[in-house]
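K.L.:
build the 3D model from these lines:
(one chain, ligands or ions: 1)
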Amino acid sequence: MKREEDWVIEAQNVSYTYDGNTKRALDGLNLRIRRGTKVAFMGGNGSGKSTFFLCLNGIRKPEDGRICIEGEPIEYTRKGLLAVRSKVGIVFQEPDDQLFSASVYEEISFGILNLGVDESTARREVESVIEELEITPFQDRPAHALSGGQKKQVAIADILVMHPEVMILDEPAAALDPKHTKKVQEIIDGLTDKGITVLMATHDIDYAYAWADEIVLMQEGKVIRQGAPAEVCADRTALTEAGLEVPAVLRIYERLREKGLLSGEAVPPRNVDGLVEIL
Ligand SMILES: Nc1ncnc2c1ncn2[C@@H]1O[C@H](COP(=O)(O)OP(=O)(O)OP(=O)(O)O)[C@@H](O)[C@H]1O
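P.N.:
Below you'll find the predicted structure:
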């Protein structure tokens, strides 16, 4: 049945504690995410971003609370988990945690074949994603012999080939040089063009502020603020609590206003081009 608000993810009161820890990694977390949005998860090391992501596709099971994907609570049975993983894909921060097949081609085929798709359809899908993500030049190489940037492209292809509703990227630009960061960002922009809901953990407030529809600030396993980037970045207390700086473009904009070089009516810009335009 079609629901009035199209929440693709709803987390209610979710708590999780790792074995052997006394402190909760997630502590009564509440959150809802609309279909097709781009959401940046931000917060200090250990605030619970990765743990929440692992709960979202059923790798970790909350000890309390519940998570619904497209309105349905996750079922922790083999069938239920397969269904969730076909909808919610995670690209891990460290590609070596994800890539294990002999060649790139086999790597990208593995997940989709596991979903029970027939071989000729899988081959078509794999070839299409290899072309789209410009993986052709290294498709026959062993995944472990690729550069960090190439591994990241393959890790994204692994998930994209399964046509997920939600794609989770845990610090996708970590350890990438500027050229590969740009390449990965272009791929991510392509995901949202397809209508995929994209959740991304990042420590880059400038990127999150320019890219996201919503920013979620996390601290100690809870969401302390969620909203449009302009709203969240206007809440300086929450930014400080999450250990974040004000985005550079916003700092420059505010200084220009203080100096009377910009009128009070201008809407704060999201990026450098926006700032140049209002100047
Ligand atoms: N495998 C694990 N075993 C035990 N404790 C863990 C494990 N993974 C994470 N934790 C703990 O759970 C808490 C939340 O960690 P989590 O990795 O979810 O945070 P994060 O926000 O993703 O951090 P980062 O920005 O460093 O990636 C931390 O206290 C961390 O030490």
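K.L.:
spell out which parts of the stretch 1-150 of the chain neighbour the ligand.
P.N.:
Listed as neighbours of the ligand in the stretch 1-150 of the chain under the rule Cβ under 6 Å from any ligand atom: 18, 21, 25, 43, 45-51. C-beta here means a position set from N, CA and C on the backbone, and glycine is covered the same way.
K.L.:
now, of the residues you listed, which are buried?
P.N.:
Among those, those scoring as buried are 25, 43, 47-51 (criterion: 16 or more other Cβ atoms under 10 Å).
K.L.:
inside helices: which ones of these?
P.N.:
With helices taken from DSSP state H, the overlap with these comprises 49-51.
K.L.:
ok so, going back, pick the one among the buried ones among the residues of the stretch 1-150 of the chain next to the ligand closest to Arg257.
P.N.:
Distance to Arg257, by Cβ to Cβ, is smallest for Gly43 among those, at 28.5 Å.
K.L.:
residues in contact with that closest one?
P.N.:
Contacts here follow Cβ atoms under 8 Å, 6 or more residues apart in numbering; on that basis Gly43 touches 49, 217-219, 224, 242-243.
K.L.:
Ser128: how many residues sit nearby?
P.N.:
The number of residues packed near Ser128 is 12, by other Cβ atoms under 10 Å.
K.L.:
ok, now Ser120?
P.N.:
8.
K.L.:
local confidence estimate at Glu131?
P.N.:
Glu131 is assigned a pLDDT of 91 by the prediction.
K.L.:
correction: the previous question concerned Glu277.
P.N.:
Looking at Glu277, its pLDDT is 85.
K.L.:
what helix or strand is it located in?
P.N.:
Using DSSP states H and E, Glu277 falls within helix 272-278.
K.L.:
that helix packs against which elements?
P.N.:
For helix 272-278, the elements it packs on are helix 248-258, judged by 3 or more Cβ pairs under 8 Å, 6 or more residues apart in numbering; DSSP states H and E.
K.L.:
Val88: what's it in contact with?
P.N.:
Contacts for Val88 (Cβ under 8 Å, 6+ apart) come out as 9, 56-57, 69, 164-166, 168.
K.L.:
returning to what we had before: next, format the buried ones among the residues of the stretch 1-150 of the chain next to the ligand as TSV and append pLDDT and distance to Ile135.
P.N.:
As requested, these are arranged in TSV below (pLDDT from 0 to 100; distance: Cβ to Cβ, whole Å):
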residue	pLDDT	distance to Ile135
Ala25	98	34
Gly43	95	32
Ser47	96	33
Gly48	97	33
Lys49	96	27
Ser50	95	26
Thr51	97	30
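K.L.:
distance to Ile112 added to the residues you listed, as a markdown table?
P.N.:
Shown next, in a markdown table, are those (distance: Cβ to Cβ, whole Å):
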| residue | distance to Ile112 |
| --- | --- |
| Ala25 | 31 |
| Gly43 | 33 |
| Ser47 | 33 |
| Gly48 | 31 |
| Lys49 | 27 |
| Ser50 | 25 |
| Thr51 | 27 |
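K.L.:
identify, from the residues of the stretch 1-150 of the chain next to the ligand, the entry nearest to Gly195.
P.N.:
Nearest member of these to Gly195, counting by Cβ to Cβ, is Lys49, at 23.7 Å.
K.L.:
my guess is Ile168 meets Ile196, correct?
P.N.:
No. Judged on Cβ atoms under 8 Å, Ile168 makes no contact with Ile196 at a distance of 10.5 Å.
K.L.:
so between those two, which is more surrounded?
P.N.:
Between Ile168 and Ile196, Ile168 has the larger neighbour count (other Cβ under 10 Å), namely 27 against 21.
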